[in-house]
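Trainee: Mind folding the following:
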Amino acid sequence: MISIIKFRKILNDLKRRPEDAAKDLKISKKKIDKILSNKSKLDFQIIKKAVDIWPVNFGDFFSFVDDTIGDFKIMRATQSNSSQRIMSRGGNPYYLYKDTIMSKLSPFRPELITELTIVKDNKPENRLVKFNNGHFLHQFTYFIGPVNFYYIKNNKKIVAQMNTGDSMYISPYVPHSFTTRKNNQNELGKILALTYTDKIDNETLNELSALGYDIAKKYKLNLKNEKISFWSNLEKILKNSSLTLNEFKRKSLIDLSKLKKNKNIPNEKSLKKISKFLNIHVRDLLPPNNTIEVKIQKYQENKKWFYPSNKKKDYLFNELTNIPQLPNSRGYEVTLKNDKKKTSFLEVPSHQYIYNLGKTKINFIIDNKIGYLNPQDSMYIKPNKKHCFYKKGKLLVLRLGGRISGDSLYQISMISDKNLKKTINDYKPWFNK
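Mentor: Take a look at the predicted model:
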């Protein structure tokens, strides 16, 4: 959707008054004034001309479309069923895909996938198994029934035998596959494959693509272990500050060379001194390490707790697999213990994907709106919305921070409420005549 607010922001950022913009775009000031007062449309030809002459991209003129109603969105099981399609591999039906809830606002791209290939063994080299090439999105998977999960690590094929309640995380571009194990009940295994973007989203990908591989690869830190990742990161920071180790020592009186030679990480006191001299936060000196490509978690390994307390057991939270490198990605199997509306409310600073795993209808309240989820219905809830679920049942919940987490969250927190409102709805010029 073309946004007049975003057009005003572009003019402000480029320090263009309406008359300056009119001159650049070779249209009348009257036309610019009408566009800014929403009395005339900003047509695509004007946008194209602006992209040709200004340092802006087409996406800068368009805002997100909010496809939620009442700050949530539901996909019924019947809608999910109507989206089903069979994917063949090696000439045979391999998966049956069904969409579950997606929103234009959320980073989720989730599917319910039935495994149509039945294997009689658990060998990773089974010829019936057809690997994909991996994909751009992160994937959190919840298993339902007898499913074999296959993946390739260090050029070696590996298989994990999964059952209902087990979960796994798989990082982008790891080749993988799923089949159903032969069983007496002739049950076909299913997975809820919840793929999503995190910090590397399409906007980031656009920047990386424009920079090119040779430049982009130089960004990478060596995250092999805690010590190596620290020095790899510090080297980038010093490069960005145009400081050599010798000059750093001369100016700060901290000898990093000796520490680096011994491959040690500075103690807390030294870290504070280094961060103070560089005028950065201590946390920026300590990157994550030991990257995880695949993490498998069996159901019996899950942490469990009641919410809000052991005395008031409205929800039983069962924590599914997660990794420290994605601190805002959290999956849960949630058992609803309360049949009454007076259950505890939740308010979560994350985008939420919710799927009714149970065999009964459950109810929810979001603000003052009451609704329901039938079995196999799914829903999306915006962040920071007060909500609750009641009627006994079971939900799969995946929470993601989206763009407003990590550094973005810290920077937003630095802005006053008044200026945050202006940031979101800035329709005025940057100065008054």
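
Trainee: Now name the helix or strand holding Asn264.
Mentor: Using DSSP states H and E, Asn264 sits in no helix or strand.

Trainee: That one contacts Ile228, doesn't it?
Mentor: No: between Asn264 and Ile228 there is no contact under CB atoms under 8 Å: 11.8 Å. For every residue, glycine as well, the C-beta is placed using N, CA and C.

Trainee: domain parsing for the protein?
Mentor: 4-63+405-424, 72-196, 224-285, 302-400 (automatic domain parsing).

Trainee: residue nearest the centroid of this structure?
Mentor: Asp198 (3.2 Å; CA atoms, centre = their mean).

Trainee: Please report how far it lies from Ile2.
Mentor: Using CB to CB, to the nearest Å, we find Asp198 at a distance of 28 Å from Ile2.

Trainee: What of Ser82?
Mentor: Note on Ser82: its distance to Ile2, by CB to CB, is 32 Å.

Trainee: before we move on, what about His176?
Mentor: 40 Å.

Trainee: what's the neighbour count on the spatially closest residue to Lys157 that is not a sequence neighbour?
Mentor: Counting by CB to CB, 6 or more residues apart in numbering, Pro124 is the residue found nearest to Lys157 once chain neighbours are left out, at 3.8 Å. For Pro124, the count of nearby residues is 17 (other CB atoms under 10 Å).

Trainee: Ile274 now?
Mentor: When neighbours are defined as other CB under 10 Å, Ile274 has 20 of them.

Trainee: How about Leu245?
Mentor: By other CB under 10 Å, neighbour count at Leu245 equals 17.

Trainee: Let me know whether it touches Leu234 as I believe.
Mentor: No: applying CB under 8 Å, one finds Leu245 not in contact with Leu234, separated by 9.6 Å.

Trainee: Between Ser82 and Ile2, which has more neighbouring residues?
Mentor: More neighbours surround Ile2 than the other of Ser82 and Ile2, with 15 against 10 (other CB under 10 Å).

Trainee: May I have the beta-bridge partners of that one?
Mentor: Beta-bridge partners for Ile2, by DSSP bridges, are Phe62.

Trainee: next one: the helix or strand of the chain with the lowest mean pLDDT to chain centre, how far?
Mentor: The weakest-scoring helix or strand in the chain, judged by mean pLDDT, DSSP states H and E, is helix 256-261 (a mean of 82). Put simply, helix 256-261 sits 37 Å off its chain's centre (CA atoms, centre = their mean, to the nearest Å).

Trainee: And for stretch 89-98?
Mentor: For stretch 89-98, the distance to the chain centre is 27 Å (CA atoms, centre = their mean).

Trainee: what's in contact with that stretch?
Mentor: Residues outside stretch 89-98 that contact it (CB atoms under 8 Å, 6 or more residues apart in numbering) are 80-81, 83-88, 111-117, 128, 130, 178.

Trainee: Cross those against helices and list the overlap.
Mentor: Judged by DSSP state H, helices contain the following of the contacts of stretch 89-98: 80-81.

Trainee: now the helices: where do they sit in this protein?
Mentor: Along the chain, counting by DSSP H, helices occupy 4-13, 18-25, 29-36, 44-53, 77-82, 202-211, 213-216, 226-240, 245-252, 256-261, 268-278, 407-413, 417-424.

Trainee: Quick one: closest of those to Lys342.
Mentor: Proximity to Lys342 (CB to CB) singles out helix 77-82 among the helices of the chain, at 28.2 Å.

Trainee: Give me the distance between Ser350 and Leu400.
Mentor: If you go by CB to CB, the gap between Ser350 and Leu400 works out to 6 Å.

Trainee: Relative to His281, how far out is Trp231?
Mentor: Trp231 is 18 Å from His281, by CB to CB.

Trainee: For those two, indicate the residue with more neighbours.
Mentor: Trp231 (17 against 10).

Trainee: so how many other residues sit close to the closest residue to the more buried one other than its chain neighbours?
Mentor: Excluding the flanking residues, the one nearest Trp231 by CB to CB, 6+ apart is Lys260, at 5.8 Å. By other CB under 10 Å, the residues close to Lys260 number 16.

Trainee: returning to that earlier point: intersection of neighbour lists for Leu245 and Leu234?
Mentor: Leu256.

Trainee: what about the spatially closest residue to Glu125 that is not a sequence neighbour, distance to Asp255?
Mentor: Spatially, and ignoring its direct neighbours in sequence, Glu125 is nearest to Lys157 (6.1 Å; CB to CB, 6+ apart). Distance of Lys157 to Asp255, computed by CB to CB: 48 Å.

Trainee: Kindly report the same for Ser378.
Mentor: Note on Ser378: its distance to Asp255, by CB to CB, is 57 Å.

Trainee: Tell me the bridge partners for Lys156.
Mentor: Beta-bridge partners for Lys156, by DSSP bridges, are Lys153.

Trainee: how about the CA coordinates for stretch 260-277, as PDB?
Mentor: Output of stretch 260-277 as PDB, limited to C-alpha atoms (Å, rounded to 0.1, in the frame of the first residue of the first chain):
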ATOM      1  CA  LYS A 260      45.000 -12.100  22.400                       C
ATOM      2  CA  LYS A 261      48.300 -14.000  22.300                       C
ATOM      3  CA  ASN A 262      47.100 -16.200  25.200                       C
ATOM      4  CA  LYS A 263      43.700 -16.500  23.500                       C
ATOM      5  CA  ASN A 264      42.000 -15.300  26.700                       C
ATOM      6  CA  ILE A 265      38.800 -13.300  27.100                       C
ATOM      7  CA  PRO A 266      39.300 -10.200  29.300                       C
ATOM      8  CA  ASN A 267      37.800 -10.300  32.700                       C
ATOM      9  CA  GLU A 268      34.600  -8.400  33.600                       C
ATOM     10  CA  LYS A 269      36.600  -5.400  34.800                       C
ATOM     11  CA  SER A 270      38.700  -5.200  31.600                       C
ATOM     12  CA  LEU A 271      35.600  -5.700  29.500                       C
ATOM     13  CA  LYS A 272      34.000  -2.700  31.100                       C
ATOM     14  CA  LYS A 273      37.100  -0.600  30.500                       C
ATOM     15  CA  ILE A 274      37.300  -1.700  26.800                       C
ATOM     16  CA  SER A 275      33.600  -0.900  26.300                       C
ATOM     17  CA  LYS A 276      33.900   2.500  28.000                       C
ATOM     18  CA  PHE A 277      36.900   3.400  25.800                       C
END
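
Trainee: Please tell me how far the residue found closest to Ala77 once you drop the neighbours it is linked to in the chain sits from Lys249.
Mentor: In space, and not counting its chain neighbours, Ala77 is closest to Gln376: 3.8 Å by CB to CB, 6+ apart. Counting by CB to CB, the separation of Gln376 from Lys249 is 63 Å.
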